[in-house]
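> mind looking at a prediction? Sequence and model below.
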Amino acid sequence: MLTKNFDDIAQALQNARTVGVASHIRPDADALGSTIAFALWLKDCGKEVTAWNEEGSTSKFHYLPKNEIVTLPTSTPQIFDIFVALDTSVKNRLGIVLDSIAPGTPLVNIDHHVSNQSFGDINYIDPTAPATGQILFEFFRHVGARITPEMAANLFAAISTDTGSFQYAGTNERTFAAASHLISCGVDVPGLSRSMYDSQPRRRFELLRFALNTAEFHCDDRIATFSLPLAEVERLQVLPEDNEGIIDHLRSIEGVEAAVFFEELPENKVRVSSRSKEPSIDVCKVCAVFGGGGHPMAAGARMDGTLENAKTQFLKVLSNEIRNRH
Ligand SMILES: [Mn+2]
């Protein structure tokens, strides 16, 4: 069922003793921060909690308090009274976590992606929330949860990063109200911000150098793109997590209305990330043409074929979207 009522989630969790929590593959701070905060709250409620991610807790996010609660999924399926998927728009974005959940386990799906496919038994989808962390904050307030400093830091990181540090579409008074309350719960804003934004590994800087040197402009300079071939991933020794945010450097250019990042993956696949700067340009719609999804102004897809081929096909559809917008 689809619900707009937090009580449905609270009731479903009330009688559960064992609860699993997980978020999507290649997690960002919203995915992991939400997972950690929710797991901490469930523990506080006396539940037996398991928090998983396909990649466990990646080193990039070791600044998130209590991140060690997130582990790799077990090799054999586990039985849970209930399993909660966070920030995950499509079921298979849970990755190998899916193989570790015993069949028949009731699934709760909490997310803010407009493209969410409501794959759970209970689905709470709020596309007006700029982060899943925002939804969880409002849930915690609704049920009168005690928000510990650790939970607050995780939710703050989730909201701060998914809003591009309180800038992107969907950032509104609710967002700042959440941030304000979380700070009162004990978030060290300068310290956390330094970890989030001023502690990039040197290899990420080298990736950015490569990106800036090879960026291209299309569609009368209204689209900026960057392509990352596998050979460069190898040469620069970058990790998938290093890619995040590179696209924002393209997006920030005056006159550019959309930015796209094409990343070559093994087995002839290409990962596409796109950002729009104009509400009238819906990149989620463009990604949906290629089986992807996300948000109207930030979306992604996985395409088959070569980097060049994916680029040509995607830019064709995106250029049409830009030229035919209303
Ligand atoms: Mn998110």
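Nice, thanks for sending it over. Numbers count the residues shown, from 1 in each chain.

> buried sites along stretch 63-73?
Neighbour-count burial for stretch 63-73 flags 63-67, 69-70, 73 (criterion: 16 or more other Cβ atoms under 10 Å). Glycine gets a C-beta too; all of them are placed from N, C-alpha and C.

> which one of those sits closest to the ion?
Distance ranking of the buried residues of stretch 63-73 against the ion, using Cβ to the ion, places L64 first at 14.5 Å.

> the closest one contacts L155, doesn't it?
No: with contact defined as Cβ atoms under 8 Å, L64 does not count as touching L155 (10.3 Å).

> so what sits against both of the two?
Residues touching both L64 and L155 by Cβ atoms under 8 Å, 6 or more residues apart in numbering: G33.

> and this structure, which residues reach the ion?
30, 87, 132, 162 (Cβ under 5 Å from the ion).

> if you rank every helix and strand of this protein by mean pLDDT, what lands last?
Ranked by mean pLDDT, DSSP states H and E, the weakest helix or strand in the chain is strand 293-295, scoring a mean of 90.

> contacting residues around that one?
Counting by Cβ under 8 Å, 6+ apart, 89-90, 112-115, 127, 169-170, 283-284, 287, 299-301 sit against strand 293-295.

> report the contact partners of whatever residue of the stretch 1-150 of the chain ends up closest to the ion.
The minimum distance from the stretch 1-150 of the chain to the ion, using Cβ to the ion, falls at D30 (3.5 Å). By Cβ under 8 Å, 6+ apart, D30 lies in contact with 87, 131-133, 158-159, 161-162.

> does it sit in a helix, a strand or a coil?
helix (DSSP: H, G, I helix; E, B strand; the rest coil).

> contact partners for the residue nearest to R141 when sequence neighbours are not counted?
In this structure, R141 finds its nearest non-sequential neighbour in H181, 7.6 Å apart by Cβ to Cβ, 6 or more residues apart in numbering. H181 makes contacts with 137, 141, 147, as judged by Cβ under 8 Å, 6+ apart.

> and the residues you listed, which is closest to I253?
Closest approach between the contacts of H181 and I253, by Cβ to Cβ: F137, at 33.1 Å.

> tell me which helix or strand that closest one sits in.
helix 132-143 (DSSP states H and E).
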